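Trainee: Show me the folded form of this:
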Amino acid sequence: MLPLIKYISWIAILLSSTAALATVQSLEGSQPLEGTQPEGNFQPLNSFGDNPGELTASYLQPSKRAKSLVVLLHGCVQNGEILAEQSGFVALAKQHNFILLLPQQSQNNNVKSCFNWFSEQDSAQDQGEVLSIKNMISAVKTQASIEQVYIAGLSAGGAMTSALLTHYPELFSAGAVIAGLPYPCANDLAKAISCMRNGPSQSATEFVKLAKKGNETVNKWPRLIVITGSNDKVVNPKNSSRLAVQWSKLAGTSLIKSKISAADYQLTLWQDNEHQPQVKLVEINDIGHGLTVNSALEDRDTSAPFLFESSHDSALDIVEFWGFKWKTQ
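Mentor: I've put the predicted structure just below:
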C-alpha cells in the first residue's frame, strides 16, 4: 500500500494557508478543464521503460530533423497538452523544430493532478515520478537521436523540474522554473506548507551543498531561467529568488550580476565573462501564481488555469534564453 502522502493534493496543502484560501475556492468552483480538449498533433509515448511513478506522456515532433527536446511539466489541475498549446510552447516547437515531451500526472496519484514534489518516494533520485520522467526523456533521446535536452515546469511542475535538474544536471542543457520551488525545499507535508508560505528554510549556500552531493564530478551545471509573479500568494516569490541565487553559485564565482528594470517586470542576470547569461531571474509586477502569456503572439490563450495576460511572454522568454533565436529551415 502506498503512503498516504501519495494521495495528498497540492490544493490540500493550499488549504492550510489562510492567505491562499480564496484562490483555492475559486479554482475548485470553476472546474476549468471540463469539456476542454487539446487540438495539437500529439502522440502518446507508449513505451519508455520502468514507470514507478505511474505517469503517462505524449509528445509533439514537428519533423524527423528535430535535434532538441523540450520537456514541459504542468501544474496542478492542468492538462499538459492544453498548457503547451495555450502557453505558446506548441507554436514555438513548430517554429524552432524541437520535440515537445509532456509528462502527465493522473488523479490516481494526486486528486488534483499535481506532481508529488514534496514526497521523497517521488522526488528523490531514481525513484517514483522522477525516475519515470527520466526514463521518458531517455527513450525519446534514443529514438530521435536528440542532442540537446531542455526542461521547464510550472508550479508543482516547477518544483519537480528543480529536482530533475539537481539529480541529473548532465542530462540537461538548460532549464526553466516558473512559480516553483528549489529542491529539496520540503520532503513532507508540514515542510511543504512552510516552504510555500514563507519561502525556504535553507540558505542558497545550503542548497548548493545539497545539489553537489553525488554530483562532485559535474563541471558545468545547466543554465537556468526562473520566473515569478510579485503577487504570488500560493508559492512565496522568495523561493524563486533563493533558487536563482543557488544556481548562480553552482554556475561559478566569476559571474557578473546585473539588474534591469522594465515597465512590467525586473530582471536579474548572472553573466559569465563572455556576457552570456547563466542564470536569469524574472520578477513580473502585479502577477499572481502562474505563467504569463502575450496574446498578441501566435497561438496564445489565457483561458486555462494559472495563465495570465502580460507583455512578458514566458514561453518566448524561456526558449530565447535557452538559445532558440532562429527559425529552422
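
Trainee: Which parts of the chain are strands?
Mentor: In the chain, the strands defined using DSSP state E lie at 43-44, 56-60, 68-73, 99-104, 148-154, 174-178, 223-229, 256-261, 265-271, 277-284, 291-293, 307-309.

Trainee: Turn the ones you listed into CSV, including mean neighbour count and mean pLDDT.
Mentor: Just so you know, the C-beta spots here come from the backbone N, C-alpha and C atoms, and that holds for glycine as well. Output for the strands of the chain, formatted as CSV (neighbours: other CB atoms under 10 Å; pLDDT from 0 to 100):
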stretch, mean neighbour count, mean pLDDT
strand 43-44, 10, 96
strand 56-60, 21, 98
strand 68-73, 26, 98
strand 99-104, 24, 98
strand 148-154, 25, 98
strand 174-178, 28, 98
strand 223-229, 27, 98
strand 256-261, 11, 95
strand 265-271, 19, 97
strand 277-284, 23, 97
strand 291-293, 27, 98
strand 307-309, 18, 97
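
Trainee: Let me have these in a markdown table, extended by distance to Ser241.
Mentor: Listed next are the strands of the chain as a markdown table, based on distance: least, CB to CB, whole Å:
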| stretch | distance to Ser241 |
| --- | --- |
| strand 43-44 | 38 |
| strand 56-60 | 31 |
| strand 68-73 | 21 |
| strand 99-104 | 27 |
| strand 148-154 | 17 |
| strand 174-178 | 12 |
| strand 223-229 | 8 |
| strand 256-261 | 12 |
| strand 265-271 | 8 |
| strand 277-284 | 7 |
| strand 291-293 | 18 |
| strand 307-309 | 20 |
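
Trainee: so which of these comes closest to Ile318?
Mentor: strand 174-178 (4.4 Å; CB to CB).

Trainee: where are the low-confidence patches of the chain?
Mentor: For the chain, the stretches flagged by pLDDT under 70 are 1-40, 326-329.

Trainee: follow-up on the earlier one: what about the strands of the chain, which gets the closest to Arg197?
Mentor: strand 223-229 (14.9 Å).

Trainee: packing partners for that closest one?
Mentor: strand 174-178, helix 238-251, strand 277-284, strand 291-293, helix 314-322 (3 or more CB pairs under 8 Å, 6 or more residues apart in numbering; DSSP states H and E).

Trainee: Just tell me which of the ones you listed ends up closest to Cys185.
Mentor: helix 238-251 (6.8 Å).

Trainee: Point out the other helices and strands that that closest one packs with.
Mentor: So helix 238-251, by 3+ CB pairs under 8 Å, 6+ apart, packs with helix 189-198, helix 204-212, strand 223-229, strand 265-271, strand 277-284.
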